[in-house]
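Visitor: Could you work out the structure for the sequence below:
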Amino acid sequence: MIAIRKSADRGHFDHGWLDTYHTFSFGDYYDPAQMGFRSLRVINEDRVAPGGGFGMHGHRDMEIVTLVLSGALEHKDSLGHGEVLRPGELQHMSAGSGIRHSEFNPSATETTHLYQIWLLPRAKGLEPSYHQQKFDPANRAGRWQLVASPGGIEGSLPIEQDAKIYLADLPAGGKLDFELAANRYAWLQVLRGAVELNGHALSTSDAAATTNESALTVQATQPAELLLFELA
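Guide: Coordinates of the predicted model:
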């Protein structure tokens, strides 16, 4: 079964400094039918205005992954990290027993476009941690590039959940397959472009959740950038 989540159906708020779309219930957006998918709890697509950002605030017991599509994001946290996240890099925080952080657009002129993703952790009260890593885009041209996994398989970011996250870039007409073992699920997020997933049409910011599907075929009808979650 494939359930489509269209971009236009998401929760949307424009706060001036922040233009945000919520795939699942978050903040002032609540839909009892959209509370997450498996361990995925939050997928927010944000555009942060120049100089805008999220002041210092706290989280607990959540795996937080951030992907910048354009612009930059300046990070500071209570563990002492201070980094700038740019396209091609991923950030991961395991909030665990508690972490505080801020995220700001350091540019005076350029909007920052990003995805922030929350996954439930494998257990509560874990040791907080922070990782940031650059991934070569050449390694996702026409194939799945593993960027996060339990224990950091194959040099990916280590996350505290039975989930794997992949990126892929496809040219128009390009095709990728993905095999799912029994009792595994997938969430495909189209970052840019247009594809067909097992015959279902998806375009920029659309997504699809798969249940009881053993094989996925993604074919690009336009050049496409993809984010795929394999979930328990």
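Visitor: Can you spell out which helices and strands pack onto the longest strand seen in the chain?
Guide: Across the chain, the longest stretch assigned as strand under DSSP state E is strand 215-231. Judged by 3 or more C-beta pairs under 8 Å, 6 or more residues apart in numbering; DSSP states H and E, strand 215-231 is in contact with strand 163-170, strand 175-179, strand 185-197. Every residue, glycine included, has its C-beta placed from N, CA and C.
Visitor: Report the buried residues of it.
Guide: Buried positions in strand 215-231, judged by neighbour count with 16 or more other C-beta atoms under 10 Å: 216, 218-221, 224-231.
Visitor: Likewise for stretch 113-127?
Guide: 113-121, 126.
Visitor: Just flag the most distant two among those.
Guide: His113 and Leu126 (30.0 Å; C-beta to C-beta).
Visitor: Give me the secondary structure label for the residue most central in space within the chain.
Guide: Residue closest to the mean C-alpha point of the chain, counted by C-alpha atoms, centre = their mean, is Ile117 at 4.4 Å. Classification of Ile117 using DSSP: H, G, I helix; E, B strand; the rest coil returns strand.
Visitor: Now it. Nearest residue, chain neighbours left out?
Guide: With C-beta to C-beta, 6 or more residues apart in numbering as the criterion, Ile117 has its nearest non-adjacent residue at 4.4 Å, and that residue is Val65.
Visitor: Point out the other helices and strands that the strand or helix carrying that neighbour packs with.
Guide: If you go by DSSP states H and E, Val65 is part of strand 63-70. When contacts are defined as 3+ C-beta pairs under 8 Å, 6+ apart, strand 63-70 packs onto strand 89-94, strand 112-119, strand 157-159.
Visitor: Of those, which is nearest Met35?
Guide: If you check each of the helices and strands packed on strand 63-70 against Met35 by C-beta to C-beta, strand 112-119 wins as the nearest, at 12.1 Å.
Visitor: Contacts made by the next helix or strand after the closest one with the rest, please.
Guide: Downstream of strand 112-119, the next assigned helix or strand under DSSP H and E is strand 129-134. Identification of contacts with strand 129-134 by C-beta atoms under 8 Å, 6 or more residues apart in numbering yields 75, 77, 79, 81, 83, 85, 88-94, 96, 99, 147, 157-158.
Visitor: Drop the exposed ones from those and show what's left.
Guide: 75, 77, 81, 85, 89-94, 96, 99, 147, 157-158.
Visitor: returning to what we had before: now do the contacts for the residue nearest to the centre of the chain.
Guide: Residues near Ile117 by C-beta under 8 Å, 6+ apart: 40, 42-44, 64-67, 165.
Visitor: Repeat that for Arg60.
Guide: By C-beta under 8 Å, 6+ apart, the neighbours of Arg60 are 95-99.
Visitor: same question, Ile99
Guide: Here Ile99 is in contact with 58-60, 77-79, 93, 128, 130 (C-beta under 8 Å, 6+ apart).
Visitor: Repeat that for Leu73.
Guide: Counting by C-beta under 8 Å, 6+ apart, Leu73 has contacts 48, 53, 66, 84-86, 91, 103-106, 112, 114.
Visitor: Which single one of the residues you listed is nearest to Ala8?
Guide: Leu114 (19.8 Å).
Visitor: Count the neighbours of the nearest residue in space to that closest one that is not next to it in sequence for me.
Guide: Among residues not flanking Leu114 along the chain, Val68 sits closest, at 4.7 Å (C-beta to C-beta, 6+ apart). Val68 has 23 neighbours, counted by other C-beta atoms under 10 Å.
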